[in-house]
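J.: below are the sequence and a predicted model for it; my questions follow.
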Amino acid sequence: MKIVVIGGSGLIGKKLVSRLRESRNEAVAASPSSGVNTVTGEGLADVLVDTNVVVDVTNSPSFEDAAVLEFFEKSSQNLLAAEADAGVGHHVLLSIVGAERLPDSGYMRAKVVQERLIESAGIPYTILRATQFFEFVDAIAQSATDGQTVRLPSALIQPVLSDDVVATLAELALGEPVNGIVELAGP
């Protein structure tokens, strides 16, 4: 099976491509560094030739509200149109648990828009919503640190190991589309 991993050069993408190749599938890492740009559409038609499954693990280069929305809208629209043209049979998206419950966050609103585009595209799909990765806990704490003081909101979190996210994405990509949402959280 040919599986194209959009965002294949990032934390999750690199691990996923490796895992899929270990299972004897043709896994292609697609990203701007490999000549595939979902925002402009560059390279999409070529990389999707004979592709069975696309896994989208991209992330916006900007977290500013308008920019992140524009990224996920354009990226998803271009990718879904190219998938339809290529006859891709399964679109898998990595998203975020609870995105729809945080409308004050521009990033979360953009992820919800991305999910809705996928749900309405007519391509069989699976959306994996995962909680924050353990690998990012330090950065979260650092962003809330001022000198010797750390100010974090009282919020319950269940970080998940990125390897668990990768294992679940691989399982979903190799399985049948669920045409719905699967959620994954840490312990």
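T.: That came through, no problem. Numbering: from 1, shown residues only.

J.: next one, pLDDT for the closest residue to A29 other than its chain neighbours please.
T.: Among residues not flanking A29 along the chain, G8 sits closest, at 2.7 Å (C-beta to C-beta, 6 or more residues apart in numbering). From N, CA and C alone the C-beta is placed, and that goes for glycine too. Note for G8: predicted pLDDT of 96.

J.: does G8 touch K14 like I think?
T.: Yes: using C-beta atoms under 8 Å, G8 is in contact with K14, at 6.8 Å.

J.: find residues that contact each of those two.
T.: Listed as contacting both G8 and K14 by C-beta atoms under 8 Å, 6 or more residues apart in numbering are A29.

J.: and those two? which has more neighbours close in?
T.: The residue with more neighbours, out of G8 and K14, is G8; 25 against 17, by other C-beta atoms under 10 Å.

J.: residues contacting the more buried one?
T.: Per C-beta under 8 Å, 6+ apart, neighbours of G8: 14, 16-17, 28-31, 34, 57.

J.: quick one: the strands in the chain?
T.: Taking DSSP state E, the strands of the chain run over residues 2-6, 26-30, 53-56, 90-96, 125-130, 145-146, 149-150, 180-184.

J.: among the ones you listed, which is nearest V39?
T.: Proximity to V39, assessed across the strands of the chain by C-beta to C-beta, is greatest for strand 2-6 (11.1 Å).

J.: list the buried residues of the closest one.
T.: For strand 2-6, a neighbour-count test (16 or more other C-beta atoms under 10 Å) marks 2-6 as buried.

J.: what's the span of stretch 145-154, first residue to last?
T.: End-to-end distance of stretch 145-154 (C-alpha to C-alpha, to the nearest Å): 15 Å.

J.: outside of it itself, list whatever touches it.
T.: 140-141, 144.

J.: cool, and stretch 133-144?
T.: By C-beta under 8 Å, 6+ apart, the list of residues contacting stretch 133-144 reads 11, 132, 150-152, 159-162, 165, 186.

J.: now, which of these sits nearest N52?
T.: V165 (21.1 Å).

J.: shouldn't that closest one be in contact with L128?
T.: Yes: proximity of V165 to L128 meets the contact threshold set by C-beta under 8 Å, at 7.5 Å.

J.: so for those two, which residues contact both of them?
T.: Joint contacts of V165 and L128 (C-beta under 8 Å, 6+ apart) are 94, 184.

J.: and for G122, the neighbour number?
T.: 10.

J.: what residues does H91 make contact with?
T.: H91 sits next to 53-54, 56, 79-80, 83, 118, 121, 123-126, 177 when contact means C-beta under 8 Å, 6+ apart.
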